[in-house]
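Chemist: Here is my input, please return the structure:
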Amino acid sequence: MLNSVLLVGLGILTGVVSGVFGIGGGIILIPALVFFFGFSQHAAQGTTMALLVLPIGLLAAQEYYRQGFVDLRVGLLIALGFVLGGFVGAKVAVYLSDVALSRVFGAGLVLIGIRMLLA
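Modeler: The predicted structure is shown next:
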């Protein structure tokens, strides 16, 4: 059974990172669900689409759900944390200089890219 606290924590972390970097949560959530929670790539993408469903992912999430690749419980728990984390991340980002924010964003993308390439 997935730990609800860890899933909400993942949502908070994703929300903070999204708020700071201005990126979509999928770049964080999908690798985290695959590497740390043992999801298949399909299940990670389907669950992420479900939690980000309105308005962008509605049809994609429906298809993933129809194929059995959506865990609604996980999606809702992460979404709860994501809302809170996004607010905190935005608060942090406004206090960083453009240069600092750009460097942190670039470093984050490089680290995620390296992790994905080595998986």
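
Chemist: quick one: contacts for the residue nearest to V92 when sequence neighbours are not counted?
Modeler: Excluding the flanking residues, the one nearest V92 by C-beta to C-beta, 6 or more residues apart in numbering is V20, at 5.4 Å. From N, CA and C alone the C-beta is placed, and that goes for glycine too. V20 sits next to G89, A90, V92, A93, L96, L101, V104, F105 when contact means C-beta atoms under 8 Å, 6 or more residues apart in numbering.

Chemist: Can you tell me which of these is closest to F39?
Modeler: Here the nearest of the contacts of V20 to F39, counting by C-beta to C-beta, is G89; it sits at 23.4 Å.

Chemist: and the helix or strand hosting the closest one, what other elements does it pack with?
Modeler: Per DSSP states H and E, G89 falls inside helix 72-93. For helix 72-93, the elements it packs on are helix 4-21, helix 26-37, helix 41-51, judged by 3 or more C-beta pairs under 8 Å, 6 or more residues apart in numbering; DSSP states H and E.

Chemist: I'd like to know which of those helices is closest to E63.
Modeler: So among those, helix 41-51 is nearest, using C-beta to C-beta, at 8.3 Å.

Chemist: what's the average pLDDT for that closest one?
Modeler: Throughout helix 41-51, pLDDT has a mean value of 83.

Chemist: Quick one: residues in contact with it.
Modeler: With C-beta under 8 Å, 6+ apart, helix 41-51 has contacts from 25-26, 29-31, 33-34, 39, 57, 60-61, 64-65, 67, 69-72, 74-76, 78-79, 82.
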